[in-house]
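> Got a predicted structure plus its sequence, pasted below:
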Amino acid sequence: MLYHFPKKSVILLAGLLIISLTLFLGRFATLPDFARGALMGVGIGMEIIALNRLAAYRKTMRATENQ
């Protein structure tokens with residue numbers, strides 16, 4: 001059985017993966033400050049976008065359940 005991930009969850013997971021990979025690479029390799037900050041910023045931005053979309057999705061689902 002295949003488990004269906006909503007697109008919003010995939011974006012959230014990708015953001016978490018980018019942040020964790022940045023921290024992992026920073027631990028074992030030297031990353032310039034710009035690269036580290038850019039990757040962390042992209043990861044955090046993806047998480048914020050995904051959480052915003054999930055909140056909007058849940059809000060619309062509640063509105064359709066009440067009708």
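Here it is on my side, so go on.

> and the strand or helix carrying residue 64, how far out from the chain's middle?
Element membership of residue 64, judged by DSSP states H and E, is helix 33-66. How far helix 33-66 lies from its chain's middle: 6 Å, per CA atoms, centre = their mean, to the nearest Å.

> what packs against that helix?
Helix 33-66 sits against helix 7-28, with contacts defined as 3 or more CB pairs under 8 Å, 6 or more residues apart in numbering; DSSP states H and E. To be clear about C-beta, it is placed using only N, CA and C from the backbone, and glycine gets the same treatment.

> Quick one: work out the angle between the helix it packs on and helix 33-66.
Here helix 7-28 runs at 160 degrees with respect to helix 33-66, directions being taken by axes from the mean of the first three to the mean of the last three CA atoms, to 10 degrees.

> What residues of helix 7-28 count as buried?
Neighbour-count burial for helix 7-28 flags 8, 11, 12, 15, 18, 19, 22 (criterion: 16 or more other CB atoms under 10 Å).

> Just the buried residues of the helix holding residue 64, please?
Within helix 33-66, the residues that qualify as buried by neighbour count (16+ other CB under 10 Å) are 39, 43, 46, 47, 50, 53.

> who touches the spatially most central residue of the chain in this structure?
Central residue check for the chain by CA atoms, centre = their mean: the C-alpha nearest the mean position is that of residue 12, 2.5 Å away. Residues counted as contacts of residue 12 (CB atoms under 8 Å, 6 or more residues apart in numbering) are 46, 47, 50, 51, 54.
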